[in-house]
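sequence first, predicted coordinates after that:
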Amino acid sequence: MSRYRQFALLMLMSVASATFAMGQTTQPPPSSTEPSGAASPHQQQAMQDQMMKDCMKKEHQKDSSMSKDQLKKDCQNQMKMQQQQQQQPPRE
C-alpha cells in the first residue's frame with residue numbers, strides 16, 4: 001500500500017473516531033438554570049453564588065472601570081429582575 005493511501009486511511013480513521021467520541025459526550029446543563037430547581041438550600045445558595053460570580057465577570061468585561069461594589073449591585077438587581085420575571089404568570 002502506498003504511503004499516500006496509508007496516510008489517507010489513517011486520517012479517515014482519526015476523523016471518524018473523533019466524530020464518534022464527540023457524539024458520545026454529554027452537554028453540561030445550561031448555567032442559567034433557576035436556583036430554586038436545586039434539591040437543597042445549600043445547592044440553591046451555591047448556584048446563586050456561581051450565577052453572581054458569572055454575572056460580575058461578564059459585567060466587568062463590559063466595563064472594567066466599575067468598582068466591585070457597583071458590579072455586585074448591578075448583578076443583584078439583574079438577578080432580582082430575573083426572579084420577578086420567572087414568578088409572573090405568562091401573558092396571553
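That came in fine, so what should we check first?

low-confidence ranges in the protein?
Low-confidence segments of the chain (pLDDT under 70): 1, 21-38, 90-92.

make it 80
Within the chain, the segments meeting pLDDT under 80 span 1-2, 4, 12, 16-39, 86-92.

which parts of it are helices?
Assigned by DSSP state H, the helices in the chain fall at 3-24, 41-62, 68-87.

now tabulate those in a markdown table and tack on mean neighbour count.
Heads up, the C-betas are built off the backbone N, CA and C, glycines and all. Converted to a markdown table, the helices of the chain look like this (neighbours: other Cβ atoms under 10 Å):
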| stretch | mean neighbour count |
| --- | --- |
| helix 3-24 | 9 |
| helix 41-62 | 13 |
| helix 68-87 | 12 |
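
roughly how far out does stretch 11-22 sit from the chain middle?
26 Å (Cα atoms, centre = their mean, to the nearest Å).

oh, I was asking about stretch 46-64
Distance, centroid of stretch 46-64 to centroid of chain: 12 Å (Cα atoms, centre = their mean).

how about stretch 79-88?
The answer for stretch 79-88 is 19 Å, by Cα atoms, centre = their mean.

what sits against L71?
For L71, the contact set (Cβ atoms under 8 Å, 6 or more residues apart in numbering) comprises M56, E59, H60.

look up how far K80 lies from K73.
From K73 over to K80 the distance is 11 Å, taken as Cβ to Cβ, to the nearest Å.

hmm, I was thinking of K62
19 Å.

now C55
According to Cβ to Cβ, C55 stands 12 Å off from K80.

same check, this time on D74
From D74 to K80 the distance is 11 Å (Cβ to Cβ).
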